[in-house]
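Peer 1: Sequence and predicted structure are below.
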Amino acid sequence: MQQIMFHPSYYGPILRHQKQTTVRWNEKIHPGSATFHFGDDENYPPMRGWVESVESYPAARLTAEQAHALPGTDMAVFVEDLRTNFYPSMPDDAVLTVVVFKITAPDPW
């Protein structure tokens, strides 16, 4: 089963089904079952889930609609935030992956 890492700040929104999309670079994610992890803090146990879809787009042409972002989102800032906060070595010509997922159980154990 694939393992997908999230920052602990996403635990609540994912648990409440408010976050069901993530944009990634250079990660091998595919449709199917997954375990979502939130670091080593036992306050954020893993969740079982399902990756529903995976679509790839050039970072320079990614739209808010494709990324499931709010309409009017400045996508140049969005991509730069990805680089700054998560992927410092991401090149300008990166291909990003938009992953749509859902949780199927809050705790896989």
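Peer 2: Alright, I've got the coordinates.

Peer 1: Mind jotting down where the helices sit in this structure?
Peer 2: 11-15, 64-67, 75-85 (DSSP state H).

Peer 1: Can I get the ones you listed in TSV including mean pLDDT and distance to residue 23?
Peer 2: Any C-beta I mention is one placed from the backbone N, CA and C, and that applies to glycine too. Below are those laid out as TSV (pLDDT from 0 to 100; distance: least, CB to CB, whole Å):
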stretch	mean pLDDT	distance to residue 23
helix 11-15	95	15
helix 64-67	97	5
helix 75-85	97	6
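
Peer 1: Tabulate the ones you listed in JSON lines, adding columns for mean neighbour count and distance to residue 52.
Peer 2: Below are those laid out as JSON lines (neighbours: other CB atoms under 10 Å; distance: least, CB to CB, whole Å):
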{"stretch": "helix 11-15", "mean neighbour count": "16", "distance to residue 52": "14"}
{"stretch": "helix 64-67", "mean neighbour count": "15", "distance to residue 52": "15"}
{"stretch": "helix 75-85", "mean neighbour count": "14", "distance to residue 52": "21"}
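
Peer 1: got a pLDDT number for the nearest residue to residue 10 once chain neighbours are set aside?
Peer 2: Distances taken as CB to CB, 6 or more residues apart in numbering place residue 19 nearest to residue 10, at 5.7 Å, with adjacent residues excluded. Turning to residue 19, the model gives it a pLDDT of 96.
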